[in-house]
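Student: need a structure here:
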Amino acid sequence: MRPRWSGCWSVALTDPARPSRQGTKRGQGAAIARLRRRRIGAILTRVWRERDLRRWAKWLAVPGIALGLTHALAAQGPAVERIDPLTIADDDFARHRDPAIWQGLSVTRLAIEEGRVSWRLFRIVNPARPVGPLWVVTHDNENATFAAMLVALRSYGGVAIVVDSGARDDDDSARFNWFTGGRPIDPNRHFDDRNPGYVGAVLADLAGQQRMIVALHTNEPGFDPGLTGCGGVRGAGAGNISVRLCSARWHPVVPPTPRWPFDDEDSVALVPFLATQQPTTARCGPALVASGFNVVFERVARSDGSLSNYAVQHGLTYLNVETRDRGTTATGIAEARDRLVAMIDGVMERCADVPGVALRLAAR
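Tutor: Below you'll find the model as predicted:
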């Protein structure tokens, strides 16, 4: 039997102040010295900032990325701090204290200040296999994604970027960045060229390479019954992603006989495509359909700030794998992790030969 494609296919992005006069030549000299130091400091800061941002602009000048230098010059490069994964006070790391997990991996924390918003990201690298996907975990409360990322990074190499919302991640508040000076921000709704510091830090490791971006997520069971179902089928549950979800934006493909990990309708690969094109143009999407994946194609007309929308509008190769969240117990996290890892393995096996996708496979 052929895969069942849905019928939802109706598709149409100052200068410093002058020194005060002093009563003595000595006072004047001291004031002039302070002024010179301020001027020199300002010049060095500007040179350093622009040097870093020119480098960021060069990194982001891969085909399809249109992050303007004017925007980039408004941001600062991140402050970098080396992290010991065996001692850092963070729930994700606390669940993975085995030294063998971290052998050969390098961990740093990036601090980005952009306007009133502060971001903290973990950057985890496999130096022995530097050429590999860019693994992205944007939601700190989706604990299985961190566990799956570590397996993927050791297996296939590359670089991982993990948004750090705080040391605790045992409730939904950890999904958001609260260090904003105002309302919390969803890290996966902040990908916009007007936020060059954040976007640049997350995507810097594209570094002129055609890395594939693999985003990892977990979701709520089922989908909101208020959303339109395919063929009149109504959803059940509270989630917003499922292979049964269908609308002008979401175009699901269900395999004839779903097998693990796709026996769960919330375990899907999400592949974006531009509204001016057809879903079949999405990189890797057709290959995953042919292999029996649950696939949801996302039609992108206007960006909602998500990484999937940003990637497809900037010509980047992107794919999201996600499964149902199964709780915060060790058993629940392990079950969701194993489904994510199985999907990652399938992506790596089936997308390496797809034109425009640069993957080098490495056996575990």
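
Student: Ala290: neighbouring residues, count only.
Tutor: Residues near Ala290, counting by other C-beta atoms under 10 Å, number 14. (C-beta placed from N, C-alpha, C; glycine too.)

Student: Which helix or which strand is home to Val271?
Tutor: strand 268-274 (DSSP states H and E).

Student: Quick one: residues in contact with that strand.
Tutor: Strand 268-274 is contacted from outside by 13, 241-243, 252, 262, 279, 281-285, 288, 293-300, 308-309, 311-313, 318-323, 343, 347, using C-beta atoms under 8 Å, 6 or more residues apart in numbering.

Student: got a list of what Arg175 touches?
Tutor: Taking C-beta under 8 Å, 6+ apart as the test, what Arg175 contacts is 139-142, 165, 186.

Student: Sort these by pLDDT and name the bottom one.
Tutor: pLDDT is lowest at Ser165 among the contacts of Arg175; the value there is 89.

Student: Pull up the gap between it and Arg337, please.
Tutor: Distance, Ser165 to Arg337, by C-beta to C-beta, to the nearest Å: 20 Å.

Student: do Asn126 as well
Tutor: Asn126 sits 18 Å away from Arg337, going by C-beta to C-beta.

Student: before we move on, what about Leu288?
Tutor: Taking C-beta to C-beta, one finds Leu288 at 20 Å from Arg337.

Student: Then Arg299?
Tutor: From Arg299 to Arg337 the distance is 30 Å (C-beta to C-beta).

Student: what mean pLDDT does stretch 99-115 have?
Tutor: In this model, stretch 99-115 carries a mean pLDDT of 96.

Student: Now do the end-to-end distance for that stretch.
Tutor: The first and final residues of stretch 99-115 sit 38 Å from each other (C-alpha to C-alpha, to the nearest Å).

Student: re earlier: could you flag which of the contacts of Arg175 are buried?
Tutor: Among the contacts of Arg175, those buried by neighbour count (16 or more other C-beta atoms under 10 Å) are 139-142, 165.

Student: so where's this protein uncertain?
Tutor: 1-76, 167-172, 222-240, 353-364 (pLDDT under 70).

Student: Tell me which stretches of it form helices.
Tutor: 25-59, 69-72, 91-94, 99-102, 143-156, 196-203, 285-290, 307-313, 330-351 (DSSP state H).

Student: Mind listing what's buried along the last one?
Tutor: If I follow you right, that is helix 330-351. 333, 335-348, 350-351.

Student: Alpha carbons only: can I get it in PDB?
Tutor: C-alpha atoms of helix 330-351 as PDB (Å, rounded to 0.1, in the frame of the first residue of the first chain):
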ATOM      1  CA  ALA A 330      13.600   8.100  34.700                       C
ATOM      2  CA  THR A 331      11.400   5.500  33.000                       C
ATOM      3  CA  GLY A 332       9.300   8.200  31.200                       C
ATOM      4  CA  ILE A 333      12.300  10.100  30.000                       C
ATOM      5  CA  ALA A 334      14.100   7.000  28.800                       C
ATOM      6  CA  GLU A 335      11.000   5.900  26.800                       C
ATOM      7  CA  ALA A 336      10.700   9.200  25.000                       C
ATOM      8  CA  ARG A 337      14.500   9.400  24.500                       C
ATOM      9  CA  ASP A 338      14.500   5.900  22.800                       C
ATOM     10  CA  ARG A 339      11.800   7.000  20.400                       C
ATOM     11  CA  LEU A 340      13.600  10.100  19.500                       C
ATOM     12  CA  VAL A 341      16.900   8.300  19.000                       C
ATOM     13  CA  ALA A 342      15.200   5.700  16.700                       C
ATOM     14  CA  MET A 343      13.800   8.600  14.600                       C
ATOM     15  CA  ILE A 344      17.200  10.300  14.500                       C
ATOM     16  CA  ASP A 345      18.800   7.000  13.400                       C
ATOM     17  CA  GLY A 346      16.200   6.800  10.600                       C
ATOM     18  CA  VAL A 347      16.900  10.400   9.500                       C
ATOM     19  CA  MET A 348      20.600   9.900   9.400                       C
ATOM     20  CA  GLU A 349      20.300   6.600   7.400                       C
ATOM     21  CA  ARG A 350      17.800   8.000   4.900                       C
ATOM     22  CA  CYS A 351      18.800  11.600   4.400                       C
END
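
Student: any residues touching that helix, and which ones?
Tutor: Under the contact criterion C-beta under 8 Å, 6+ apart, helix 330-351 has outside partners 95, 143-145, 147-148, 151-152, 155-156, 212, 214, 216, 218, 260-261, 264, 267, 269, 283-284, 287-288, 291, 293, 319, 321-327, 357, 359, 361.

Student: Now with 6 Å, please.
Tutor: For helix 330-351, contacts defined as C-beta atoms under 6 Å, 6 or more residues apart in numbering pick out 143-144, 147-148, 151-152, 156, 218, 261, 267, 284, 287, 291, 321, 323, 326, 357, 361.
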